[in-house]
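Participant: Quick one, structure for this:
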Amino acid sequence: MTNNIVSTLESLLKINSPTGYTIDIINYIEDLFKAKKNLFVKRTNKGSLSVSFSERPGLMLSGHIDTLGAMVKEINSNGTIGITQLGSYPLNSFEGEYVTIRNSNGKMLRGTLLLNNPAEHVNRKVRTEERNLSTMSVRLDELNTDEKNFFGINPGDFIFYDTRFEQTESGFIKSRFLDDKACAAIMIELIKDLSNSKNKNNNTGFYFSNYEEVGHGSCVGIPDSAEELLVLDMAVIGEGCSGKEDAVSICAKDSSGPYDFTVTNKLRELALKKKINFVTDIYPHYGSDGSAALTAGYDVRVGLIGPGVSASHGVERTHRKALEETYNLAKAYIENFR
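Facilitator: You can find the predicted model right below:
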């Protein structure tokens with residue numbers, strides 16, 4: 001099963017899906033399941049996707065397929081491209097990253113995010129200069145012979161960061177945007193498993209949200225029949241937190257407040273019973289689709305789990321074991337719902 005999750009994850013990471021441009025990955029996931037007779041597949045007006053075993057599921061699992069990204073803000077006089085960020089992330093962690101610009105006609109052009117004056121042989125402050133939207137821009141990999149139209153690039157065009165996916169022999173998975181494509185891959189494999197199982201739970205649904213990175217991913221799209229919402233999203237690793245790259249984290253509280261006591265306790269009990277490697281944690285600077293759903297007024301009990309991910313919103317890393325443990329805990333919760 002873990003091999004299937006990693007394979008699906010790699011496929012998802014090959015599809016660019018920054019917040020605001022998720023149509024390609026939603027199409028991909030929809031195509032996986034729309035022909036299945038035992039599934040109800042529905043796309044919302046805002047472009048998210050639900051895949052359910054019932055028209056009125058009582059339990060929903062949610063994960064987001066949108067990622068961090070950028071957008072063209074302006075064309076600078078020297079031919080570089082000024083950007084605006086999609087989602088919140090430190091620009092220094094993306095410095096030097098290769099990018100793809102999708103111009104207004106759908107053509108893909110390559111470039112690199114750099115300081116405006118990046119050469120150490122020229123700029124004495126290159127090591128200490130603050131990295132922000134005023135000091136950084138995209139260097140386009142084109143000779144500027146199209147000054148009038150500038151290769152069809154306009155403000156509002158999307159910019160995709162390269163992911164740099166790699167799996168090591170020791171089982172680590174390194175890539176940008178494991179947040180939250182790792183959990184999206186787990187959800188896809190859970191749907192496949194339940195579809196083929198004789199004991200499938202017919203009261204479960206899965207929601208792939210597409211605006212989580214800007215805070216309103218699950219503000220719509222959760223059916224009113226849902227009593228519980230189990231969110232699958234990357235778990236925090238860092239100073240003062242308990243998360244580990246080979247374990248699933250059960251989040252008791254994040255920046256939005258505590259998650260449902262009964263759901264959190266049930267998750268812990270199941271993890272102990274199934275001998276799943278887990279930690280319980282509190283995330284200091286974090287919000288999830290569960291936070292968005294509660295803020296939007298949904299009357300649901302919400303829990304949050306996910307694989308431990310190092311260097312979140314940077315060059316992220318997790319381990320195959322964390323994906324496996326997250327899958328096992330989510331599956332156990334589905335099987336023991338009600």
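
Participant: I'd assumed Cys251 was in a strand, is it?
Facilitator: Yes. Applying DSSP: H, G, I helix; E, B strand; the rest coil, one finds Cys251 inside a strand.

Participant: partners of it in the sheet?
Facilitator: Asp281, Leu304 (DSSP bridges).

Participant: roughly how far apart are it and Arg131?
Facilitator: Distance of Cys251 to Arg131, given as Cβ to Cβ, to the nearest Å: 30 Å. From N, CA and C alone the C-beta is placed, and that goes for glycine too.

Participant: Between these two, which has more neighbouring residues?
Facilitator: Cys251 (26 against 15; other Cβ atoms under 10 Å).

Participant: pretty sure that one contacts Ile282?
Facilitator: Yes. Counting by Cβ atoms under 8 Å, Cys251 does reach Ile282; the two are 7.3 Å apart.

Participant: give me the low-pLDDT residue ranges for the stretch 101-250 of the chain?
Facilitator: Scanning the stretch 101-250 of the chain for pLDDT under 70 picks out 145-148, 198-201.

Participant: What segments of it are strands?
Facilitator: Using DSSP state E, counting those that start in this stretch, the strands of the stretch 101-250 of the chain run over 108-115, 136-140, 158-161, 166-167, 172-175, 204-209, 228-232, 235-236, 248-254.

Participant: how much space is there between the spatially closest residue to Leu267 that is not a sequence neighbour and Ala330?
Facilitator: Using Cβ to Cβ, 6 or more residues apart in numbering and skipping the chain neighbours, the partner closest in space to Leu267 is Ile250 (4.9 Å). Distance of Ile250 to Ala330, computed by Cβ to Cβ: 11 Å.

Participant: Could you list the domains of the chain?
Facilitator: Structural domains assigned to the chain are 2-66+177-335, 69-161, following automatic domain parsing.

Participant: got the residue ranges for the helices in this protein?
Facilitator: Per DSSP state H, the chain carries helices over the ranges 2-13, 23-33, 178-196, 261-273, 289-295, 320-335.

Participant: Identify whichever of these lies nearest to Tyr89.
Facilitator: helix 178-196 (10.0 Å; Cβ to Cβ).

Participant: Tell me what angle that closest one forms with helix 320-335.
Facilitator: Relative orientation of helix 178-196 and helix 320-335, computed by axes from the mean of the first three to the mean of the last three Cα atoms, to 10 degrees: 50 degrees.

Participant: got the buried residues for helix 178-196?
Facilitator: Under the neighbour-count criterion of 16 or more other Cβ atoms under 10 Å, helix 178-196 has 178-192, 194 buried.

Participant: Max pairwise distance over those: which two?
Facilitator: Asp179 and Leu194 (24.4 Å).

Participant: on that earlier part again, and the buried residues of helix 178-196, which is closest to Asn103?
Facilitator: Nearest member of the buried residues of helix 178-196 to Asn103, counting by Cβ to Cβ, is Lys181, at 24.9 Å.

Participant: what separates that closest one from Ile25, distance-wise?
Facilitator: Taken as Cβ to Cβ, the span from Lys181 to Ile25 is 9 Å.

Participant: got a list of what the nearest residue to Glu213 once chain neighbours are set aside touches?
Facilitator: Computed as Cβ to Cβ, 6+ apart, the closest residue to Glu213 that is not its neighbour in sequence is Gly87, at 3.6 Å. Shown in contact with Gly87 (Cβ atoms under 8 Å, 6 or more residues apart in numbering): 18-19, 67-69, 213-214, 313.

Participant: are any of those residues buried, and which?
Facilitator: 18-19, 67-69, 213, 313.

Participant: For Phe33, which of the strands of the stretch 101-250 of the chain is the nearest?
Facilitator: So among these, strand 204-209 is nearest, using Cβ to Cβ, at 9.2 Å.

Participant: neighbouring strands for the closest one, and are they parallel or not?
Facilitator: strand 49-52 (antiparallel), strand 59-64 (parallel).

Participant: Which parts of stretch 209-219 count as buried, going by neighbours?
Facilitator: 209-213, 216-219.

Participant: Now distance to Thr262 too, for those residues, in JSON lines please.
Facilitator: Below are the buried residues of stretch 209-219 laid out as JSON lines (distance: Cβ to Cβ, whole Å):
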{"residue": "Ser209", "distance to Thr262": "24"}
{"residue": "Asn210", "distance to Thr262": "29"}
{"residue": "Tyr211", "distance to Thr262": "28"}
{"residue": "Glu212", "distance to Thr262": "24"}
{"residue": "Glu213", "distance to Thr262": "29"}
{"residue": "His216", "distance to Thr262": "26"}
{"residue": "Gly217", "distance to Thr262": "24"}
{"residue": "Ser218", "distance to Thr262": "20"}
{"residue": "Cys219", "distance to Thr262": "24"}
